[in-house]
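Asker: got a predicted model here, sequence first, then my questions.
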There are 4 protein chains.
Amino acid sequence: MNSENASISERIVSPSYIRQGCQARRTHEQLIRLLLEKGKCPEDGWDESTIELFLHELAIMDSNNFLGNCGVGEREGRVFSSLVARRHYRLIHGIGRSGDIAAIQPKAAGSSLLNRITNSVVLDMLKIAGVKTVSSCFVVPMATGMSLTLCFLTLRQKRPTGKYIIWPRIDQKSCFKSMITAGFEPVVIENLLEGDELRTDVQSIEAKLKNLVPDRLEELAMICDKYGIPHIVNNAYGVQSSKCMHLIQQGARIGRIDAFVQSLDKNFMVPVGGAIIAGFNESFVQEISRMYPGRASASPSLDVLITLLSMGSKGYRKLLQERKDTYTYLAEELKTLAEAHGERLLKTTHNPISLAMSLQGIDQQNDKAVTLLGSMLFTRQVSGARVVPLGNEQTVSGHVFKGFMSHATEYPCPYLNAAAAIGITKQDVDLCIKRLDKCLKNIKKGQTDQSEKLETESENPAVISEDTLNEMLLLLKSGTELLSACKKYQVMSCFS
Amino acid sequence: MNSENASISERIVSPSYIRQGCQARRTHEQLIRLLLEKGKCPEDGWDESTIELFLHELAIMDSNNFLGNCGVGEREGRVFSSLVARRHYRLIHGIGRSGDIAAIQPKAAGSSLLNRITNSVVLDMLKIAGVKTVSSCFVVPMATGMSLTLCFLTLRQKRPTGKYIIWPRIDQKSCFKSMITAGFEPVVIENLLEGDELRTDVQSIEAKLKNLVPDRLEELAMICDKYGIPHIVNNAYGVQSSKCMHLIQQGARIGRIDAFVQSLDKNFMVPVGGAIIAGFNESFVQEISRMYPGRASASPSLDVLITLLSMGSKGYRKLLQERKDTYTYLAEELKTLAEAHGERLLKTTHNPISLAMSLQGIDQQNDKAVTLLGSMLFTRQVSGARVVPLGNEQTVSGHVFKGFMSHATEYPCPYLNAAAAIGITKQDVDLCIKRLDKCLKNIKKGQTDQSEKLETESENPAVISEDTLNEMLLLLKSGTELLSACKKYQVMSCFS
Amino acid sequence: MNSENASISERIVSPSYIRQGCQARRTHEQLIRLLLEKGKCPEDGWDESTIELFLHELAIMDSNNFLGNCGVGEREGRVFSSLVARRHYRLIHGIGRSGDIAAIQPKAAGSSLLNRITNSVVLDMLKIAGVKTVSSCFVVPMATGMSLTLCFLTLRQKRPTGKYIIWPRIDQKSCFKSMITAGFEPVVIENLLEGDELRTDVQSIEAKLKNLVPDRLEELAMICDKYGIPHIVNNAYGVQSSKCMHLIQQGARIGRIDAFVQSLDKNFMVPVGGAIIAGFNESFVQEISRMYPGRASASPSLDVLITLLSMGSKGYRKLLQERKDTYTYLAEELKTLAEAHGERLLKTTHNPISLAMSLQGIDQQNDKAVTLLGSMLFTRQVSGARVVPLGNEQTVSGHVFKGFMSHATEYPCPYLNAAAAIGITKQDVDLCIKRLDKCLKNIKKGQTDQSEKLETESENPAVISEDTLNEMLLLLKSGTELLSACKKYQVMSCFS
Amino acid sequence: MNSENASISERIVSPSYIRQGCQARRTHEQLIRLLLEKGKCPEDGWDESTIELFLHELAIMDSNNFLGNCGVGEREGRVFSSLVARRHYRLIHGIGRSGDIAAIQPKAAGSSLLNRITNSVVLDMLKIAGVKTVSSCFVVPMATGMSLTLCFLTLRQKRPTGKYIIWPRIDQKSCFKSMITAGFEPVVIENLLEGDELRTDVQSIEAKLKNLVPDRLEELAMICDKYGIPHIVNNAYGVQSSKCMHLIQQGARIGRIDAFVQSLDKNFMVPVGGAIIAGFNESFVQEISRMYPGRASASPSLDVLITLLSMGSKGYRKLLQERKDTYTYLAEELKTLAEAHGERLLKTTHNPISLAMSLQGIDQQNDKAVTLLGSMLFTRQVSGARVVPLGNEQTVSGHVFKGFMSHATEYPCPYLNAAAAIGITKQDVDLCIKRLDKCLKNIKKGQTDQSEKLETESENPAVISEDTLNEMLLLLKSGTELLSACKKYQVMSCFS
């Protein structure tokens, strides 16, 4: 309520009450002022009332909500369904402009503000999460894979002769396809097994580099000298792990990282559909944003802004800590369960999010048992727990992967994978362990439902749910190790 | 309410009332059954109550809403903010799967159904709008430009040696950038002026083809013989015009169209952010959908599904008719106004959506007057009316365009553009004409605010609002003319 | 957005766009200013965006939404469920205060404003609807019956010796009970039949008066001389009829009306639950509002305010006109149908809302046929059409009513009643006539489902749906006739 | 999704996923089944998704949501504004029927179910809260005071000659007015001071009884013998205190309680506007519900149902425990603060919700200081903390109360009152103590803003905020003591 309306109100309701009401309004406005001024996530989360007030204020600045507007263009933000208008808070114009997804849209001052502030707040969160020197980022309404493709397409513009991307193997289709879609040829580097853990084969990368480009070494050296070699990190769900973020921070300090791409939904508890493209060189990040042709959906920006304003940086820190604690708890519980069944918790100390237990015993009992277990867990509403049998073979975009889903041609044993991702609760762990225990017992006793077996054979839902892999961690690990190598050899994950 | 709960309810409330209530429920379910069975847009729009019931039913089939679910993966559809969950109807998992944006997501049966049904309903609408033989389409949560890029990237996979896209000039950045981003080189074909109208220079295209590829003619012929040459149509806002849709239909019958891409928001009155990629060959459309790496936002699908169910096919037909009528009305009003000011309505009979009036007089009076007019209209909340001065020069991705925004190097006069797009009302036209009249009078009298002039010089908002161009129509016109040529020469808009 | 935040925003997004956004905001604020200043319903309805902005502004002025508030009382507006908070727009404190439902609540400046403005806007609507000299009213969150009770209780305070209310018979339980609940004894005046129509028996009222109070005539005269005798009008759904409103206006001018009570839901298309108590003497209306002990729900106020702001006075006038037109249409259709079935439309020219057709024929055919028809209509989802058989007898609060539902001891024929109330559409009429025709034909052919008969006998839903009576009109007619009598005899509908 | 639609869906999305989705649906339905079957509050709160599904299911059973309905009555549940429809979940028909607020409404099976279930769940909660033998209750959409009035009006019907209500003094206007409005004459019994605490003067009640009805003693005895004497308890916010509920339970066991009335908002964290009328004799409670003339708003029922389903009985128990703990904490903090300022915490051990500290010192310093303190707390957004100066005199409905707000003619010292009501947090206490400390210091130093003084004099907002009194407790205390007396003398709080 502006001061004019407030003073009219004072004639209707006692002035002192109205004045107190207006003072209360100012505390909301003060929060908004701080946000606009600092461009940072508030420490304490806002309540829904402030958030909605803010969004409402933004919406009425967009031309589709002007009371006196007349529109005679092709894109006037007209919405047929009030359900749709409402669910978008009447912010209809999307973000960006023909030229640039980060540009200001003349028809939509409010949406433009939303876009700018979101990018600014998200940048602040990346710093808080551990990458302190990140200089620029933007939210892009595409999932991680397509966002990686956009990065690669930007690199192609800059390095028109580039053909290859050196890619330490990660069995996740999106990641692989992001290179194919961009028109590059992935050079797959198989991982090395150290104990239970797969690690990036840095030496192999060096060898491959020499092998691939023997006669272009001079040229390569010149390019490297002038521009360095681009390095794109697929940081899919790494924001939630301080370890991952630290690796990126270090990588950028010691070596070179051009951009790192992270999923919005995997890290910030919002619906699927957006990613953050971030980097240390503002102009390169801008180049990527300018590569996006046309305006785009504001939906992921809106989701992440609402969410971050709700949680506040304190809230996010608390979630990160809880995740860490649950990870430890999951590890203990899984270890106990594994040992009770004659299996073991695999030692994967470099992976701060995912854990695995071997499935040696039931595999020896029955060669279908591992996939059956996956199916049983699916039926029992344990989602995200993935079984990895031996000997899976999968062709992705024409490339054959042996041992698909295990990230290795020949992993020594089948295993079951579970992750402690942001938002997981102790209760999730308890339920999972309890149901898993029951399934394992039933399999051992041979007490499994025939129908489940059939389903398993035809569909294998849990088995092929490849988007729950621990891919990013492996890539990241390679990342750091690569980076130490980079200093010597200018190796890159993204090589063109 | 299932039958068990209904019969318990009969003990609480009189059986005959409960029975009537359940019968009423069945009429909602019947509508849902028809939708699922036919996969078509209902003729009469659904009311909000049925739509929300349906969405609610879908949502509880997704694992993030299972009451007994325990999630131990990285992507469990957890949402922090209830504002966000609510605005997405708790459909959090997005659409698609690592491998394919059109694939079924095991964790989300409801979202998967939503995705399939949306694509099916949208396909039905494309048929209704005039492209009767379209065989496949999918909604992609990216704006038109990025969707075109995805089509081009798919073509690149199929034709790895392709380099060029023959592109009849359209002054819209997104369209141009979609080719650049995909890594192609646009071959710009300037338009021919016939009367007031710009038309595609088909002969020039032929010449360019011979010129570009003289020594590869044999090869080209062979390729053409075997595969034909791909033709992608940027049908940005053409769904709303039966003429445009007819041209595509004819084009596909006589010649060849591989895919046509249209904006969701420009044609279906939903927020910015989605597009439809459609074609006549199902397997090619599938290939495109498989090129999208990873899952994606369900938000545009949700918007368009809600909208189409609300309007029904009857409602859409009514909107199309109203648009046509308003176009005629706008033409009459603009003609009258133009003549009153000594200008004229440009004769652009091939353009069924946009209209233009010359701005010869005020331009001769003062060389800043045209851009000033744009600025004045912006300030007066006339959005979408775009002024096109002479001699604008713009560099897009390194390419210089003379006469930018006029789609021609030297258009004979400056003009003002207005469009009758879907959802426009007679009231919009009246307000626009009234304000425009006032602005023109003020300019002639020299009564313009100094501050407006300043703004004009520094920002030119209306002038540079390039997303309100009539681009698509020109492209489409080229399309048909090209197609008649195609029979002879196998020319293409997208040449690789 | 206040000016400080706007100027910070100008640093983020181009100043001219922000300025335009702020200007657009001012147009919303201007609407709010007009509302506050004039306290009248806007002529043009507001759009949802302005309404929600306004409600949001009100809500943040309530102490439960103060960001820095600490509450240590028993009633702090804390709400557990966010669903509940949201659906009340976070306006939790209700209206009024211990002392007075119309009083200002110190903890809730926003809710208090809402209350005042609602009462003011509703007063304006009563004037527009025809009672031009109404001086005061308030929305009370109780249905019509309970609101009448509150009026009677207020009268009791003023006239502690009053015992009787003279009540021209209307077969509606709420109306009758409102007197009983207030502790009065209704003196039932049976109606006179004039043609098809029942009219208040004014002479009988006079006789009753003399009869009841022979020995107190002197006293009565004295009281009448000094205070007049109170007259309360149950104007249940009369606001929607200009005729009814005119009668009240005239009544107050010529005679005396202390208060008139109308339903919110029946007249303003809001959910059941509120009423308006209005009058011509401000201090008496205030006395009633002060009789309500304690605070009360703001929900009906909120509903009617949202609704009136949405429709605007223009919108309401349009609805009134449409209702009138549909009434005429219903009369014609019902007449045609009646004649086709050998029945007739009853001539009830004084009733501007309800119509009736005789059911003579089918009643003679079968004595259960009339109630069966009611049941059949219920099953076929014709709601509100009420059949009135002969000879119904009902006991209400100990009083026996012969011919219950027909408002008369012996109405000459059974009939079917239908009303053209606000919001009815031509389509409603068409469907009703079509289904009614079918039912009548089936009954004549004896083709009725046995199960329907059984239901009829046990439950008779349509038959006993007594809240759809045309009670108010009869009462009102009595009203005016009484009023003309009042000039002579000081008769009253509410006599104490 | 019914089984037919599910099996069609299996053709669109893999059968096993659809089957899992349907199984998930059944878990929601199972919860609904349990609710319908048991009529009890679920132990674990439901999530919003189940609640909304349930409400949606109810809504589509109401005739206003029938897709094929045609309405020709006056009350068809038509709603103009979609904002209003939405906020009521499209449940528009209210509850009850002309005859009875608890009756089933033929047009609204869903709303009727809602009403029945709400009353049943609320009854369960009253048992859980401590009144184990309560046999009947209903939610009435009126605040506590008006609900008390309805009880008294029911008693009047049963005891037409009753005139008086014996009323142990409580300085709350609503409570007092509820008797006046019902047309009774309150017989005020002043309280006795025992230590710091006011207690009901039971002997005085006995004396008054003899005094009032000396010559009707025989008659009284006969009435008492046959019917007993009615006793209505104003249990305003007592549900949240196990002590209060225990007293009622005991009272009903040893003596007689006809009905006890409690506020919905004060006990269940919902918006102001509803109350629960409960009792031990089902037929008497039904009589009250039948006294309500007409249908009524479903809004308070909807609010409390949503809330109870959200919290579950576990959640409510947790809130009760937290309240108790915060009460203890508040007592400690207030004691410390009081002593630091030379004041003391009043010893009121029988009051389990409210606490008071003396304001002796500042009162002696300056006779305006106490009211000034109230004003300062208001300005500093401490709501609910009430100061009680000496010597206040107030006239309510013609009765003069000396020492108003202190519940006594001459309380020995002025004091400040604070309550630990349900939903209060430790943070509320901390903020309140901190601000109170500051205010007390400023007053002692004489450092108070002149403007605050002025406001204080003119408005005294905190001072007159009488709805935050600890009334109920005093009444209840009287209650039990009365009840022990009742065994001997058949005394009553409500005497007619």
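Answerer: Yep, that arrived.

Asker: apart from its neighbours in sequence, what residue is nearest A:Leu114?
Answerer: In this structure, A:Leu114 finds its nearest non-sequential neighbour in A:Leu58, 5.4 Å apart by Cβ to Cβ, 6 or more residues apart in numbering or on different chains. Glycine gets a C-beta too; all of them are placed from N, C-alpha and C.

Asker: then the one you found would be within a helix, right?
Answerer: Yes - counting by DSSP: H, G, I helix; E, B strand; the rest coil, A:Leu58 is found in a helix.

Asker: how would you label the closest residue to chain C within the stretch 351-496 of chain A: helix, strand or coil?
Answerer: Here the stretch 351-496 of chain A gets closest to chain C at one residue, A:Gly423, 18.4 Å apart by Cβ to the nearest Cβ. Secondary structure for A:Gly423, judged by three-state DSSP, is coil.

Asker: tell me who's in contact with the closest residue to it other than its chain neighbours.
Answerer: Computed as Cβ to Cβ, 6+ apart, the closest residue to A:Gly423 that is not its neighbour in sequence is B:Arg78, at 3.8 Å. Listed by Cβ atoms under 8 Å, 6 or more residues apart in numbering or on different chains, the contact partners of B:Arg78 are A:Met269, A:Ile422, A:Gly423, A:Ile424, B:Asn64, B:Gly71, B:Ile92.

Asker: and A:Phe54, by the same measure?
Answerer: Counting by Cβ under 8 Å, 6+ apart, A:Phe54 touches A:Ile32, A:Leu35, A:Trp46, A:Leu309.

Asker: what about chain C: which of those touch it?
Answerer: The residues of the contacts of A:Phe54 that also fall near chain C, by Cβ under 8 Å from any Cβ of the partner chain, are A:Ile32.

Asker: tell me where the stretch 101-250 of chain A is predicted with low confidence.
Answerer: By pLDDT under 70, the low-scoring segments of the stretch 101-250 of chain A are A:200, A:202-203, A:205-230.

Asker: could you pull up phi and psi at the residue of it found nearest chain B?
Answerer: Nearest residue of the stretch 101-250 of chain A to chain B (Cβ to the nearest Cβ) works out as A:Gly145 at 3.0 Å. Dihedral angles of A:Gly145 (phi, psi; degrees, to the nearest 10) stand at phi -60, psi -50.

Asker: quick one: contacts of stretch A:418-426?
Answerer: The contact list for stretch A:418-426 (Cβ under 8 Å, 6+ apart) reads A:237, A:240, A:266-269, A:319-320, A:323, A:326-327, A:329-330, A:334, A:353-356, A:384-386, A:429, A:432, A:468, A:470, B:71-76, B:78, B:80.

Asker: kindly check the end-to-end length of it for me.
Answerer: End-to-end distance of stretch A:418-426 (Cα to Cα, to the nearest Å): 13 Å.

Asker: isn't there a helix covering A:Gln267?
Answerer: No Gln there; residue A:267 is Asn. Yes - under three-state DSSP, A:Asn267 sits within a helix.

Asker: I'd say A:Ser174 and B:Gly294 touch.
Answerer: Yes - using Cβ atoms under 8 Å, A:Ser174 is in contact with B:Gly294, at 3.5 Å.

Asker: the helix or strand containing A:Leu35 - what's its average pLDDT?
Answerer: Following DSSP states H and E, one finds A:Leu35 within helix A:15-38. Per-residue pLDDT values across helix A:15-38 average out to 91.

Asker: that one - contacts with which helices or strands?
Answerer: Contact analysis of helix A:15-38 by 3 or more Cβ pairs under 8 Å, 6 or more residues apart in numbering or on different chains; DSSP states H and E lists helix A:3-12, helix A:48-59, helix A:109-128, helix C:3-12, helix C:109-128 as its packing neighbours.

Asker: how's chain A carved up into domains?
Answerer: Using automatic domain parsing, the domain parsing of chain A gives A:129-286+A:473-489, A:316-470.

Asker: nearest to D:Cys22, of those domains?
Answerer: Among these, domain A:316-470 comes nearest to D:Cys22, with 12.9 Å by Cβ to Cβ.

Asker: give the contact list for A:Ile51.
Answerer: Residues near A:Ile51 by Cβ under 8 Å, 6+ apart: A:Ile306, A:Leu309, A:Ser310, B:Leu83.

Asker: which SS state does A:Met357 fall under?
Answerer: When the rule is three-state DSSP, A:Met357 gets the label strand.

Asker: is it in contact with A:Lys347, as I believe?
Answerer: No - between A:Met357 and A:Lys347 there is no contact under Cβ under 8 Å: 11.2 Å.

Asker: between these two, who's got more neighbours?
Answerer: More crowded of A:Met357 and A:Lys347, by other Cβ atoms under 10 Å in any protein chain shown: A:Met357, with 22 against 12.

Asker: now that one. Nearest residue, chain neighbours left out?
Answerer: A:Ala338 (4.1 Å).

Asker: now do the helix or strand containing the one you found against helix A:109-128, angle only.
Answerer: Here A:Ala338 sits within helix A:299-340, counting by DSSP H and E. Interaxial angle of helix A:299-340 relative to helix A:109-128 (axes from the mean of the first three to the mean of the last three Cα atoms, to 10 degrees): 30 degrees.

Asker: by contact count, what packs against helix A:299-340?
Answerer: So helix A:299-340, by 3+ Cβ pairs under 8 Å, 6+ apart, packs with helix A:48-59, helix A:109-128, strand A:136-140, helix A:264-268, strand A:354-358, helix A:426-445, helix B:82-87, helix B:299-340.

Asker: relative to strand A:136-140, how tilted is that helix?
Answerer: 90 degrees.

Asker: do you know how far A:Ile424 is from D:Asn351?
Answerer: A:Ile424 sits 45 Å away from D:Asn351 when distances are taken as Cβ to Cβ, to the nearest Å.

Asker: ugh, wrong one, A:Phe184
Answerer: From A:Phe184 to D:Asn351 the distance is 76 Å (Cβ to Cβ).

Asker: give me the neighbour count for the closest residue to A:Arg25 other than its chain neighbours.
Answerer: Spatial nearest neighbour of A:Arg25, chain neighbours left out: C:Ile60 (5.3 Å); criterion: Cβ to Cβ, 6+ apart. By the criterion of other Cβ under 10 Å, C:Ile60 has 25 neighbours.

Asker: repeat that for A:Phe66.
Answerer: By the criterion of other Cβ under 10 Å, A:Phe66 has 22 neighbours.

Asker: so what's the closest residue to it other than its chain neighbours up against?
Answerer: Spatial nearest neighbour of A:Phe66, chain neighbours left out: C:Ala24 (4.4 Å); criterion: Cβ to Cβ, 6+ apart. Residues near C:Ala24 by Cβ under 8 Å, 6+ apart: A:Ile60, A:Met61, A:Ser63, A:Asn65, A:Phe66, A:Leu67, A:Gly68, A:Asn69, B:Gln381.

Asker: on that earlier part again, can you tell me which two in the contacts of B:Arg78 are farthest apart?
Answerer: So, the contacts of B:Arg78 by Cβ to Cβ: farthest apart are A:Ile424 and B:Ile92, at 15.3 Å.

Asker: quick one, what contacts A:Asp62?
Answerer: Residues near A:Asp62 by Cβ under 8 Å, 6+ apart: A:Gly77, A:Arg90, A:Leu91, A:Ile92, A:His93, A:Lys107, A:Ala108, A:Ala109, A:Gly110, A:Ser111, C:Gly21.
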